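Student: this one's sequence-less:
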């Protein structure tokens, strides 16, 4: 492998890893607050892609306005799911809300099939993201170059919000002890809504970055990326935002080099082997905290 090829694979791996990290943050934040693995998160990411097709292709809206519409629509979808599918089950056994999340995932997949058909639809071109950048002998697209920058920027901003703001303090309190935070007067519903807003915003952003270099979208397009992002969150320590980002980058870089080595069929296998290994030797992930069960 030449140096130029190696650098290009590094850029590609870091880019896809950045997208996985953005989506994994949504998984880990919802788990940190609600102790819920939101299995529908990958399908929200898929719906964001259809919102972009709907805005740019069907209504011919410019990409910069469509991007705002996609973000707002994805956030509204996530908040509605929380209000109607998760909120009524908040005091139910944890298994009930997890089954609800799986049900929402299938609902979104079938809704997308009904509304848009099962046939792949072409994702619209976003001109500014498809431009080619050249650094010496290395050529890459703008989207590949800026994705890790956006991911790191989002991580820094999110950590500042959590550490320095009132809502961030409330989120940390709820994640530590849900019931005590409620008794202390923290608006639980507001905290949960903000958590879903942030997660869905990042899912919409990740969707635009992920599908721009890819030719098409179909109703199951969010399933495999969603599972990989879940693995990234588990690897880093589900509930840990920096851990989710690290896990996303690791999976993205690893699968890129596995494909580069000519073993494309094993790139997805690696992700799930990693999950098994992590659960065997470090069930709480690299940065996860061991939670004591309350009696």
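Tutor: Good, I have the coordinates. Owing to the predicted nature of the structure, the values given are computational and were not obtained by experimental measurement.

Student: quick one: mean pLDDT for the helix of greatest length in the chain?
Tutor: For the chain, the helix that runs over the most residues, judged by DSSP state H, is helix 3-34. What helix 3-34 shows for mean pLDDT is 91.

Student: ok, residue 147 to residue 153 distance?
Tutor: 11 Å (CB to CB, to the nearest Å). To be clear about C-beta, it is placed using only N, CA and C from the backbone, and glycine gets the same treatment.

Student: next one: residue 71
Tutor: From residue 71 to residue 153 the distance is 16 Å (CB to CB).

Student: secondary structure element for the closest residue to residue 272 other than its chain neighbours?
Tutor: Nearest non-adjacent residue to residue 272, counting by CB to CB, 6 or more residues apart in numbering: residue 231, 6.9 Å away. In the assignment (DSSP states H and E), residue 231 maps to helix 223-236.

Student: quick one: that helix to helix 3-34, angle?
Tutor: If you take axes from the mean of the first three to the mean of the last three CA atoms, to 10 degrees, helix 223-236 sits at 80 degrees to helix 3-34.

Student: helix 223-236 - contacts with which helices or strands?
Tutor: Here helix 223-236 touches helix 3-34, helix 41-53, helix 241-260, helix 267-281, going by 3 or more CB pairs under 8 Å, 6 or more residues apart in numbering; DSSP states H and E.

Student: how far off centre is the second one?
Tutor: Put plainly, it is helix 41-53. Centroid separation for helix 41-53 versus its chain: 11 Å, with CA atoms, centre = their mean, to the nearest Å.

Student: kindly report the same for the third one.
Tutor: The chain centre lies 13 Å from the centre of helix 241-260; the measure is CA atoms, centre = their mean.

Student: and the angle from it to helix 223-236?
Tutor: 120 degrees.

Student: where does pLDDT dip in the stretch 51-200 of the chain?
Tutor: Along the stretch 51-200 of the chain, the model assigns pLDDT under 70 to no residue.

Student: hang on, the earlier thing: check what pLDDT the residue nearest to residue 272 gets.
Tutor: According to the predicted model, the pLDDT of residue 231 comes to 92.

Student: what about the residue nearest to residue 97 when sequence neighbours are not counted, distance to residue 33?
Tutor: Residue nearest to residue 97 in three dimensions, not counting chain neighbours: residue 89, with 4.5 Å by CB to CB, 6+ apart. According to CB to CB, residue 89 and residue 33 sit 15 Å apart.

Student: can you pull out the helices in the stretch 101-250 of the chain?
Tutor: Residue ranges of the helices in the stretch 101-250 of the chain, as given by DSSP state H, counting those that start in this stretch, are 127-130, 142-164, 166-176, 178-183, 188-211, 223-236, 241-260.

Student: show me what counts as buried in the longest one.
Tutor: Going back to what we said before, that points to helix 188-211. Using 16 or more other CB atoms under 10 Å as the burial criterion, the residues of helix 188-211 that qualify are 188, 191-211.

Student: give the contact list for residue 121.
Tutor: 50, 53, 57, 216-218 (CB atoms under 8 Å, 6 or more residues apart in numbering).

Student: hmm, which of those residues are the buried ones?
Tutor: 50, 53, 217-218.

Student: farthest pair within those?
Tutor: Greatest spatial distance in those: 53 and 218, 11.2 Å, computed using CB to CB.

Student: circling back: counting by contacts, list what the longest helix of the chain packs against.
Tutor: helix 41-53, strand 138-141, helix 142-164, helix 166-176, helix 188-211, helix 223-236, helix 241-260.

Student: helices and strands around the helix or strand where residue 81 lies, which ones?
Tutor: Per DSSP H and E, residue 81 falls inside helix 63-81. Secondary-structure packing of helix 63-81 (3+ CB pairs under 8 Å, 6+ apart): helix 41-53, helix 188-211.

Student: among those, which is nearest residue 124?
Tutor: Among the helices and strands packed on helix 63-81, helix 41-53 sits nearest to residue 124 (CB to CB), with 6.3 Å.

Student: may I see the buried residues of the closest one?
Tutor: Quick answer for helix 41-53 (16+ other CB under 10 Å): 41-53.

Student: again with stretch 143-156
Tutor: 143-148, 150-151, 154-155.

Student: how about stretch 118-126?
Tutor: 121, 123-124, 126.

Student: ditto for stretch 76-91
Tutor: Of the residues in stretch 76-91, 77-79, 81-82, 85-86, 89 count as buried by neighbour count, 16+ other CB under 10 Å.

Student: wait, what's in contact with the spatially closest residue to residue 128 that is not a sequence neighbour?
Tutor: Once flanking residues are discounted, residue 128 sits nearest to residue 142: 6.4 Å by CB to CB, 6+ apart. By CB under 8 Å, 6+ apart, the residues touching residue 142 are 128-133.
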